[in-house]
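Chemist: Just a sequence and a predicted model for now, questions to come.
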Amino acid sequence: MKSLRSLAASVFLLALSAGAIAGPPSVLPEGGRIVEAHVLSLQFSGRSSASLIGRPCDPEVSCATVIARISADTELKDNGKTITFKQAKKRDWKLVLLVMDKFNNALLLNRIPTSDRR
């Protein structure tokens, strides 16, 4: 029960920070979810489709990987600013905020800038 509460709190805080950065939909579709993930693979194919495989940042997420389909309907953002599919291909995708429906279709993909300084 404690882990469920911490997961709910994490999702709530993520939604608050996502609202400030990316502006996800105010109401998620049934079965939809918001995930912050490290990008393992992002393959662009054609002009308006791609697939993303990522590892959720939250260790309490039961799924080891996230797979999302990106289409022309996906809203693409770079640190909260809307970008085109062509611009998205040129970005370095390491960390993302992803809003998906229950069919793993990406509704919003927001690149979160990272620093390589250690």
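Modeler: Happy to help now that I have it. Residues are numbered from 1 along each chain as shown.
Chemist: and A50, which of the three is it?
Modeler: Under DSSP: H, G, I helix; E, B strand; the rest coil, A50 falls in the strand class.
Chemist: show me what contacts it?
Modeler: Contacts for A50 were tallied using CB atoms under 8 Å, 6 or more residues apart in numbering; they are 42-44, 69-70, 88. For every residue, glycine as well, the C-beta is placed using N, CA and C.
Chemist: most surrounded residue in the residues you listed?
Modeler: In terms of neighbour count, I70 stands highest of the contacts of A50 at 23 neighbours, by other CB atoms under 10 Å.
Chemist: Run through the strands of this protein in chain order.
Modeler: Along the chain, counting by DSSP state E, strands occupy 33-45, 49-56, 66-70, 75-78, 81-82, 95-100, 106-111.
Chemist: starting at the chain centroid, how far to the fifth one?
Modeler: The offset between the C-alpha centroid of strand 81-82 and the centroid of the whole chain comes to 14 Å, using CA atoms, centre = their mean, to the nearest Å.
Chemist: what do you get for the first one?
Modeler: Averaging C-alpha coordinates over strand 33-45 and over its chain gives two centres that are 6 Å apart (CA atoms, centre = their mean).
Chemist: circling back to that earlier point, in TSV: the strands of the chain, plus distance to V27 and mean pLDDT.
Modeler: Below are the strands of the chain laid out as TSV (distance: least, CB to CB, whole Å; pLDDT from 0 to 100):
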stretch	distance to V27	mean pLDDT
strand 33-45	12	91
strand 49-56	22	92
strand 66-70	19	93
strand 75-78	15	95
strand 81-82	20	96
strand 95-100	11	94
strand 106-111	11	95
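Chemist: Please identify which of the contacts of A50 is nearest to P56.
Modeler: Checking those against P56 with CB to CB, the nearest one is L42 at 15.4 Å.
Chemist: I figured the closest one hits W93, correct?
Modeler: Yes. L42 lies in contact with W93 (CB atoms under 8 Å); the separation is 4.8 Å.
Chemist: shared neighbours of the two, anything?
Modeler: In contact with both L42 and W93: L52, using CB under 8 Å, 6+ apart.
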